[in-house]
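> Below: sequence and its predicted model.
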Amino acid sequence: MRLQPPTGMEDCLPERVPLFRFIEATAREVFDLYGFQEIRTPIFEYTSLFSRAVGETTDIVEKEMYTFESEREDSLTLRPELTAPVVRCVLGNSLLVKKPFQKLWYFGPVFRKERPQKGRLRQFHQIGAECLGGYDPLIDVETIALLANFLDRLGLSQFDIRVNSIGCPVCRAGYREVLRGFFGPRRAELCPNCNARFDRNVFRILDCKAEGCAKVAAGFPPIEGHLCEACTTHLAGLKEGLATAGIRYALDPKLVRGFDYYTKTVYEFKYPGLGAQDAIAGGGRYDNLIEEMGGPKAGAVGFGIGVERVVIALEETTKVDPSKVLSTAVPDFFVVTVSAELRAKGFELLSRLRREGLGGDMEYEGRSMKGQMRSANRSAARYALILGPDELAKGVAKAKDMSNGGEREVALADVAAFLRERPILAAPSGPSDTRSGPASPRP
């Protein structure tokens, strides 16, 4: 039996979990601030959802989906992205009928059969948002501002924002022919992938990282001069809104997105220090997807954040200490019993305090009192609650402040109130009680 996870998958160990919790908690704060509601969809969907919404000729649908055939029902696929499932959920539950403009956000795993590399896994997590039911470019600005606010709060302020327009079906068809005319004479210099893209999706050649393709693409005609009037107006509104919001950005004519459903605005957040995979988040507008999936004609814009790449950025570029970020795993107390005979009484106290909403633990391995005190210290609990025959006879627990070794007897009936008050106990002036173990000072 193999003890390592499958290729492209990662275990998330307890010492790393606080970073994920910190990211998710920060996302909840920011999405609440901007008036978004959380939505959750299944991990797998019918395969036809992605082939129709994302596009049959995209790399994801052609090469990267985990698809399962079944004799009893249609083909199913582990979700490679979350926009199409969210739109499916909104339409299937008539949410746009109940409220014509929806602001939704999500957090969850997605799956892509890609070549694993740093920052790119086969199972990873996305935090994202979708605004459904509006065409105003200020909605695009709001999603970009939300993303910037989110990264700022995480301490990842050194990001670069790239923005572009990829037009709409009215103007994109003509621009597609312009690109084919530009790349056609030098097609032999393109990589095999881009040769295939020339016929299927010539826009993706602009996004290729191969040195030869980048050299061929130099000097290509930007789309801005080929946009229709509606797309030109929308792009101007986007620029004006970003300026009003005080958001710095760069117009990047090469920026395209990998899904067929995008229209008009596309954007990407890049973070220096992540290496080749420096895109930490990206999104854009998809004004036709809702109608194409059987819903009403309604504009939409959204984005996705790669959570694992955010974790890498926090670990490698900010050097954040996981123990200093959000974690509710630190207990209020740790119960220590002088003898094995008193373990039942210790467990009774532990259970009562937990019922009263306090976090605590005890040792279950039959260690000596000294060993239990070491466990209490490792747990990072604020207090050790020590029970011995003398304490029980008096109806008290000895509370030991693990930060300085100070001790106080507390009536068992008053322990919960004492723990909530969190007083600093006076440090002992002389040698501590040998029953209690070392003072174990901690900052």
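Structure received. In this text the structure is predicted, and so the values were computed from the model without any measurement. Numbers count the residues shown, from 1 in each chain.

> downstream neighbour of the helix or strand bottoming out on mean pLDDT in the chain in the secondary structure list?
None of the helices or strands of the chain scores lower by mean pLDDT, DSSP states H and E than helix 59, at a mean of 69. Where DSSP states H and E defines the elements, the next helix or strand beyond helix 59 is strand 67-68.

> ok, that next one: who's next to it in the sheet?
strand 76-78 (antiparallel) (DSSP bridges).

> Output the contacting helices and strands for the next helix or strand after the strand it pairs with.
Proceeding N to C from strand 76-78, the next assigned helix or strand is helix 83-92, under DSSP H and E. If you count contacts as 3 or more C-beta pairs under 8 Å, 6 or more residues apart in numbering; DSSP states H and E, helix 83-92 packs onto strand 44-46, helix 47-53, strand 102-111, strand 123-132, helix 289-292, strand 300-306. C-beta here means a position set from N, CA and C on the backbone, and glycine is covered the same way.

> Quick check: which of those is buried the most?
Across the helices and strands packed on helix 83-92, the average number of neighbours (mean count of other C-beta atoms under 10 Å) peaks for strand 300-306, which reaches a mean of 24.

> and it, which strands flank it?
Sheet pairing of strand 300-306 (DSSP bridges) gives strand 123-132 (antiparallel), strand 279-285 (antiparallel).

> JSON lines for the helices and strands packed on helix 83-92, including distance to Ala230?
Converted to JSON lines, the helices and strands packed on helix 83-92 look like this (distance: least, C-beta to C-beta, whole Å):
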{"stretch": "strand 44-46", "distance to Ala230": "32"}
{"stretch": "helix 47-53", "distance to Ala230": "23"}
{"stretch": "strand 102-111", "distance to Ala230": "23"}
{"stretch": "strand 123-132", "distance to Ala230": "19"}
{"stretch": "helix 289-292", "distance to Ala230": "16"}
{"stretch": "strand 300-306", "distance to Ala230": "15"}
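
> Tell me, what's the model's pLDDT at Val87?
As predicted, Val87 sits at a pLDDT of 96.

> brain fart, Val256
The predicted structure scores Val256 at 84 on the pLDDT scale.

> got a list of what the nearest residue to it once chain neighbours are set aside touches?
Of all residues not flanking Val256 in the chain, Phe203 sits nearest, at 4.7 Å (C-beta to C-beta, 6 or more residues apart in numbering). Going by C-beta atoms under 8 Å, 6 or more residues apart in numbering, Phe203 touches Ile166, Arg176, Leu179, Val256.

> in a strand, that's where Thr26 is, yeah?
No - applying DSSP: H, G, I helix; E, B strand; the rest coil, one finds Thr26 to be helix, outside a strand.

> What separation is there between Tyr383 and Ile290?
Distance, Tyr383 to Ile290, using C-beta to C-beta, to the nearest Å: 56 Å.

> Who are the contact partners of the most centrally placed residue in the chain?
Residue closest to the average C-alpha location in the chain (C-alpha atoms, centre = their mean): Val307, at 3.5 Å. Counting by C-beta under 8 Å, 6+ apart, Val307 touches Phe20, Ile23, Phe107, Phe124, His125, Gln126, Ile127.

> I figured Asn201 was touching Glu62, is that so?
No - using C-beta atoms under 8 Å, Asn201 is not in contact with Glu62, being 10.6 Å away.

> These two: who's more crowded?
Asn201 (18 against 13; other C-beta atoms under 10 Å).

> how close does that one get to Asp160?
Per C-beta to C-beta, Asn201 is found 25 Å from Asp160.

> Kindly report the same for Pro428.
For Pro428, the distance to Asp160 - C-beta to C-beta - is 55 Å.

> tell me the helices in the stretch 151-300 of the chain, going along the chain?
169-183, 192-200, 211-217, 229-244, 289-292 (DSSP state H, counting those that start in this stretch).

> Below-threshold pLDDT in this protein: ranges please.
Applying pLDDT under 70 to the chain flags residues 56-57, 59, 258-259, 323, 326-329, 430-443.

> what's the domain layout of it?
Following automatic domain parsing, the chain resolves into domains at 17-168+228-323, 333-436.

> The residue of the chain most remote from its centre in helix, strand or coil?
Largest separation from the mean C-alpha position in the chain: Ala393, at 52.1 Å (C-alpha atoms, centre = their mean). Using three-state DSSP, the secondary structure recorded for Ala393 is helix.

> how near is it to Arg382?
From Ala393 to Arg382 the distance is 26 Å (C-beta to C-beta).

> circling back: how about the strands paired with strand 300-306, which one is nearest Glu114?
Glu114 lies closest to strand 123-132 among the strands paired with strand 300-306, at 9.6 Å (C-beta to C-beta).

> Give me the angle between the closest one and strand 102-111.
160 degrees (axes from the mean of the first three to the mean of the last three C-alpha atoms, to 10 degrees).
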